[in-house]
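> Got a sequence here, can you build the structure:
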Amino acid sequence: MQDEILRKEQVFHDQWAAAIDVEGIRVADYFEACTAPENRFILRQLGDVQGKYLLDLGCGAGENSVYFALKGARCVAADYSPGMVDVAQRLAARNGVAVEGAVVNAMDIDFPDNTFDVVYASNLLHHIPDPRLAIREMYRVLKPGGKACFWDPLKHNPVINVYRRMATKVRTEDETPLDIRLVDFVRSHFSHTTYDTFWLATLWIFLRFYLIEKVNPNEERYWKKIIIEHARLERDYLRLEKIDRVLKKLPLMKRFAWNLAVVASK
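Numbers count the residues shown, from 1 in each chain. Next up, the predicted model:
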């Protein structure tokens, strides 16, 4: 069963990779845009990556690998999709940096124990049949004191779950958004864990795409659109983010956010 799920994920992402134009990717936006709160949180916790050996697990188009390489890290762009690894390396070349490419199963990472200073994963764990295996593998390949950083969607928000049921052509059928209780599992393995969740009132932007701007969720990936169009969305996003800060102080509200970001030290 797991092999079949991984095979379908690989085929889907290889097909997506074939359609990616690296010329249009603005790498810094994925970490510094107002609409990238998950990565802004991770960067604050992570600190300086100059000279660090970093595994970008589930690298996708390589925005993460290239961003960290530009900051002085030595990066491995790893994905189960060979097509995505190729895109990541082409994006690196376009940005004047080199990254090592590797086709990797996140549940069985083909690197020795205690190899990396940082393992970073964005939007990966919900594609994996058993996220706990991937977390154990992240821990194994990290050096003592190294940091695992990841962010992924949560399963608890009813608005985003409606979106998921509509956006069937831009997602794989086996995707499983995370339960926030996964944070407890991370804490049980790592010496120190910090996390936050993002997108509550700010999810109005998704509703606006659909209800007002009539953007077909099967023709445009909303989670890409919020990054690409961050300058247009900034004013509304920042207003809504202030509401999110208040909402997250209420009991149980963090679980109803769209995304979870975690940074854990070995």
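> So what's the residue count around the nearest residue to residue 248 once chain neighbours are set aside?
Nearest non-adjacent residue to residue 248, counting by CB to CB, 6 or more residues apart in numbering: residue 254, 5.3 Å away. Glycine gets a C-beta too; all of them are placed from N, C-alpha and C. Under the neighbour criterion other CB atoms under 10 Å, residue 254 is assigned a count of 20.
> Would you mind measuring from residue 254 to residue 199?
11 Å (CB to CB, to the nearest Å).
> Next, residue 197: secondary structure please.
Residue 197 falls in the strand class when you classify it by DSSP: H, G, I helix; E, B strand; the rest coil.
> Could you find the closest non-adjacent residue to it?
With sequence-adjacent residues excluded and distances taken as CB to CB, 6+ apart, residue 197 is closest to residue 257, at 3.5 Å.
> Wait, that neighbour touches residue 195, no?
No: at 10.8 Å, residue 257 and residue 195 do not qualify as touching, with contact defined as CB atoms under 8 Å.
> so where do the strands sit in the stretch 51-200 of the chain?
Per DSSP state E, counting those that start in this stretch, the stretch 51-200 of the chain has strands spanning 53-57, 74-79, 100-103, 116-122, 142-153, 192-198. These are given in chain order.
> In CSV: those strands, plus mean pLDDT and mean neighbour count.
Supplementary listing: those in CSV, determined by pLDDT from 0 to 100; neighbours: other CB atoms under 10 Å:
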stretch, mean pLDDT, mean neighbour count
strand 53-57, 98, 26
strand 74-79, 98, 27
strand 100-103, 97, 18
strand 116-122, 98, 25
strand 142-153, 98, 21
strand 192-198, 98, 18
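> right, so of the ones you listed, which gets closest to residue 266?
Shortest separation from residue 266 across the strands of the stretch 51-200 of the chain is recorded for strand 142-153, at 4.6 Å, computed as CB to CB.
> the helices in the protein, which residues?
Under the criterion DSSP state H, the chain contains helices at 2-18, 29-32, 37-46, 63-70, 82-94, 131-141, 158-166, 182-189, 204-211, 222-228, 230-247.
> Which positions in the fifth one come out as buried?
Of the residues in helix 82-94, 83, 84, 85, 86, 87, 88, 89, 90, 91, 92 count as buried by neighbour count, 16 or more other CB atoms under 10 Å.
> Mind putting those into CSV with pLDDT and distance to residue 179?
Listed next are the buried residues of helix 82-94 as CSV, based on pLDDT from 0 to 100; distance: CB to CB, whole Å:
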residue, pLDDT, distance to residue 179
83, 95, 30
84, 95, 26
85, 96, 29
86, 95, 33
87, 95, 31
88, 96, 29
89, 97, 34
90, 96, 36
91, 97, 32
92, 97, 34
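> So which of the residues you listed is the closest to residue 63?
With CB to CB as the yardstick, the closest approach to residue 63 among these comes from residue 91, at 7.2 Å.
> contacting residues for the closest one?
Taking CB atoms under 8 Å, 6 or more residues apart in numbering as the criterion, residue 91 is in contact with 22, 25, 27, 61, 62, 63, 65, 66.
> Could you identify which of those residues has the most neighbours?
Result: residue 65 is most packed of the contacts of residue 91 (other CB under 10 Å), 32 neighbours.
> what's the distance between that residue and residue 12?
Using CB to CB, which is the criterion applied here, residue 65 is 20 Å from residue 12.
> Quick check: bridge partners of the closest residue in space to residue 89 that isn't next to it in sequence?
Closest residue in space to residue 89, ignoring its immediate chain neighbours: residue 101 at 4.9 Å, by CB to CB, 6+ apart. As for beta bridges, residue 101 partners with residue 77 under DSSP bridges.
> which residues sit in contact with residue 101?
Counting by CB under 8 Å, 6+ apart, the residues that residue 101 touches are 76, 77, 78, 85, 86, 88, 89.
> With residue 126 instead?
When contacts are counted by CB under 8 Å, 6+ apart, residue 126 touches 152, 153, 175, 176, 177, 178.
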